[in-house]
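Asker: Sharing a model that was predicted from the sequence below.
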Amino acid sequence: MNEILLDALSHKGRTHVSKLNKLITNLYNTAQLIADLEDRLWLARKSVRALRALREKYGRARRNVDNSRKLLLLAKNLLQDQVSELKRGWLKFSAPLRDLERLERKLSVLESTCAALIHPQPRTATEIQLAKKTPYKLHHPELRVSEGSADLQYLAVKLVDDELQKFTGGRSDHANRFISEFLRISLGWTVTPSNVKTMRKRIKDKKILESSTATASGKPTSVR
């Protein structure tokens, strides 16, 4: 990798060792981040079916408990006059009603949390609403998880290109080849230099569009 760095990134003037070492460290961290995101997206994609099945199971259980609570409340109201004639404490409804309410709340938390554990992209309309009810703060990568999505590739190209431009001051003539080789060596991806070039252009065009849109609306924007 060092040979590739020196060959791809050398430009007029001396390449300082400390600067190169910093670049290598930053690129290693970038590769680690992308690899972690790749694992998370794979898990998010593969876990949808299991999480949805659990969510539906907890939902059915919650509805059954809710029905039981309503039937018990109906029985309590039906026997209200008779309860007062029985020995005090012989026929109690309050404790079972409290237990059912507590059980229903717990099942509701499990149901909503299962929905929230599903990545936002493949959630159903029901899961979108349920996910808002979980008491836990859950975070998902802001990338599409569908098979074949290029979101992660675009992010990887952007992050590596950012480091490359900082290192060379924007003077590298080998950026596309370097990024292609870096993705192959560090992540095992096959992304040709021509594809990298296309992706870099789209990323740049998007930055320009966002910047001009923000300027027109009077809102500040970041073009990182």
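Answerer: Right, received. Where do you want to start? Residues are numbered from 1 along each chain as shown.

Asker: Where does pLDDT dip in the chain?
Answerer: Low-confidence regions of the chain, defined by pLDDT under 70, span residues 1-16, 83-90, 170-173, 214-224.

Asker: Would you map the helices across it?
Answerer: Along the chain, counting by DSSP state H, helices occupy 2-9, 17-46, 48-78, 80-85, 94-117, 125-131, 151-168, 175-187, 193-217.

Asker: got a list of what the residue lying closest to residue 75 once chain neighbours are set aside touches?
Answerer: Once flanking residues are discounted, residue 75 sits nearest to residue 93: 7.3 Å by Cβ to Cβ, 6 or more residues apart in numbering. For every residue, glycine as well, the C-beta is placed using N, CA and C. Remark: with contacts taken as Cβ atoms under 8 Å, 6 or more residues apart in numbering, residue 93 is in contact with 72, 73, 75, 76, 83.

Asker: Could you identify the buried members of those?
Answerer: Neighbour counting over the contacts of residue 93 (16 or more other Cβ atoms under 10 Å) leaves residue 76 as the buried ones.

Asker: how close does residue 34 get to residue 152?
Answerer: Plainly put, residue 34 is 7 Å away from residue 152 if you go by Cβ to Cβ, to the nearest Å.

Asker: Relative to residue 107, which of the contacts of residue 93 is nearest.
Answerer: Each of the contacts of residue 93 was scored against residue 107 by Cβ to Cβ, and residue 72 proved nearest at 16.3 Å.

Asker: what about the nearest residue to residue 176 once chain neighbours are set aside, neighbour count?
Answerer: Distance criterion Cβ to Cβ, 6+ apart; nearest residue to residue 176, sequence neighbours excluded, is residue 193 at 4.1 Å. Counted with other Cβ atoms under 10 Å, the burial measure for residue 193 works out to 15 neighbours.

Asker: cool, residue 127 as well?
Answerer: Under the neighbour criterion other Cβ under 10 Å, residue 127 is assigned a count of 22.

Asker: doesn't residue 55 make contact with it?
Answerer: Yes: the pair residue 127 and residue 55 qualifies as a contact (Cβ atoms under 8 Å) at a distance of 6.8 Å.

Asker: Need the overlap of contacts for the two.
Answerer: The contact sets of residue 127 and residue 55 overlap at 115, 118 (Cβ under 8 Å, 6+ apart).

Asker: How much space separates the residue nearest in space to the middle of the chain from residue 195?
Answerer: Of all residues in the chain, the one closest to the mean position by Cα atoms, centre = their mean is residue 140, 1.8 Å from it. Distance check for residue 140 against residue 195: by Cβ to Cβ, it reads 27 Å.

Asker: All good on my end, thank you.
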